[in-house]
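Engineer: Using only what follows, build the 3D model:
(one chain, ligands or ions: 2)
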Amino acid sequence: MTIPKTKLKWIYETMYRIRRFEETMLEQTFKGNAMGVTHPSDGQEAPPTGICAHLTNDDWIGSTHRGHGHCIAKGLDTSAMMAEIMGRSTGQCGGKGGSMHIADFSKGMLGANAIVGASIPLAVGAALTAKYKDNETNSIGVSFFGDGATSQGILHESMNLASVWKLPVIFACENNGYAEATPAWYAVSTEDIASRAEGYGMPGIVVDGMDVFEVYDAAGEAVKRARAGEGPTLIEMKTYRYHGHFHADDTKKYRTDEEEKLFHQKDPISNFEKRVISQKLMTKTELESIKSEIEKEMLVAVEFAMNSPMPDIKDLYKDVYVEYSNSIQGLR
Ligand SMILES: Cc1ncc(C[n+]2csc(CCOP(=O)(O)OP(=O)(O)O)c2C)c(N)n1
Ligand SMILES: [Mg+2]
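Structural biologist: Ligands and ions are numbered 1, 2, ... in the order given. Reported below is the predicted structural model:
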């Protein structure tokens, strides 16, 4: 698939933004500035970027506990995200959600989700809504989930229903080889998770999740299929998280140096750079200028978050519970 130049730039910018956001966020977590644990997704930049490159604000995504990359690829603001992670009132969700609950409905981001597998039915529900409402925008749903989530019953129920009802949805599996410290080769009964798609009557595709071009191509086909009313697709992207399961997890207890080195050689960002330069699709100067803009953006994000106040105690219950209004009573 030929990628237009503006899209190519967006892809690089998005992957680099995810990488630097995660590195910056980790630094802040270790300084004690984040509220609670954080799950970095550096190394896994290609899946959210290659898929969201085909989406608009009218499309919906469901995410995971490792959700910063999904948020960024769906266009959320990095300052508001950083403030949310630091529990500040200016955060994306007023500082009350934190890293694992960042959401922005205006961008079609249904939310990161701390419960493994729980966002899968949300994306399917969004696709169901899109199909049965007057869907002028031809919206679709995308569910991002990890290899660990594929052992949850909800994925299988969701895949079956999505296929039976031919819903416009993509099951986007980020297989990074581990669920916490449990290797996929131990916990998943098939060599490829994508092969499970056959049991639900939908296409199942395996791609190199360290290669954004492969992800982009597969996602393009799946999005076309969904928008054409032909139903769901499962895309398995074999990827790798560079850091531990969460910020303080020591990967040396369950991964070898050789394995880590191997995946660093497949780095999605440096391989993108080599490819676009050798194929004369982008220049080194263009790449450098994107990088320096993002470096500035990260400084702004940290400064914004650090200078923002914590939520006021009087707002403790604000946005937490739905008001018991007449309209809700009317539904009972
Ligand atoms: C239902 C449920 N079970 C267990 C957990 C604890 N837990 C959090 S993340 C995780 C591993 C998830 O692995 P995977 O789906 O592969 O995602 P990854 O962390 O690799 O991105 C587990 C077991 C949880 N949050 N929710
Ligand atoms: Mg995993």
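Engineer: all contacts plus neighbour counts: C-alpha atoms, from now on.
Structural biologist: Fine.
Engineer: Helix or strand next in line after the helix or strand hosting residue 236, which one?
Structural biologist: Here residue 236 is covered by strand 233-238, with elements defined by DSSP states H and E. The C-terminal neighbour of strand 233-238 among helices and strands, as given by DSSP H and E, is helix 257-265.
Engineer: Show me which helix runs longest in the chain.
Structural biologist: As assigned by DSSP state H, the longest helix anywhere in the chain is helix 5-30.
Engineer: and that one, what's its mean pLDDT?
Structural biologist: Average pLDDT, helix 5-30: 98.
Engineer: anything in that helix near ligand 1?
Structural biologist: No. If you take Cα under 6 Å from any ligand atom as the test, helix 5-30 misses ligand 1, and the best it gets is 13.8 Å.
Engineer: For the remainder of this discussion, apply numbering that starts at 21.
Structural biologist: I'll keep to 21 as the first residue from here, and by that count the last item is helix 25-50.
Engineer: quick check, distance from that helix to the centre of its chain.
Structural biologist: Here the centre of helix 25-50 is set off from its chain's centre by 12 Å, with Cα atoms, centre = their mean, to the nearest Å.
Engineer: list the contacts for residue 247?
Structural biologist: Neighbour list for residue 247: 158-160, 188 [criterion: Cα atoms under 8 Å, 6 or more residues apart in numbering].
Engineer: Let's see if you can find the most crowded of those residues.
Structural biologist: residue 188 (32 neighbours; other Cα atoms under 10 Å).
Engineer: thought that one was touching residue 250?
Structural biologist: Yes. Look at residue 188 against residue 250 with Cα atoms under 8 Å: they come within range, at 7.5 Å.
Engineer: So which residues of this structure form strands?
Structural biologist: For the chain, the strands defined by DSSP state E cover 80-82, 161-166, 189-195, 198-199, 202-203, 224-228, 253-258.
Engineer: and those strands, which is most packed in?
Structural biologist: Greatest average neighbour count among the strands of the chain goes to strand 80-82 (a mean of 31), per mean count of other Cα atoms under 10 Å.
Engineer: do the strand holding residue 256 and ligand 2 meet at all?
Structural biologist: No. Using Cα under 5 Å from the ion, strand 253-258 never reaches ligand 2; the gap is at least 9.7 Å.
Engineer: packing partners for that strand?
Structural biologist: With contacts taken as 3 or more Cα pairs under 8 Å, 6 or more residues apart in numbering; DSSP states H and E, strand 253-258 sits against strand 189-195, strand 224-228, helix 232-247.
Engineer: what's near enough to touch the residue of the stretch 171-320 of the chain found nearest ligand 1?
Structural biologist: Closest contact between the stretch 171-320 of the chain and ligand 1, by Cα to the nearest ligand atom, is at residue 199 (3.3 Å). Residue 199 sits next to 166-168, 265 when contact means Cα under 8 Å, 6+ apart.
Engineer: Need the residues you listed in JSON lines (columns: distance to residue 337).
Structural biologist: Shown next, in JSON lines, are the contacts of residue 199 (distance: Cα to Cα, whole Å):
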{"residue": "166", "distance to residue 337": "32"}
{"residue": "167", "distance to residue 337": "35"}
{"residue": "168", "distance to residue 337": "33"}
{"residue": "265", "distance to residue 337": "31"}
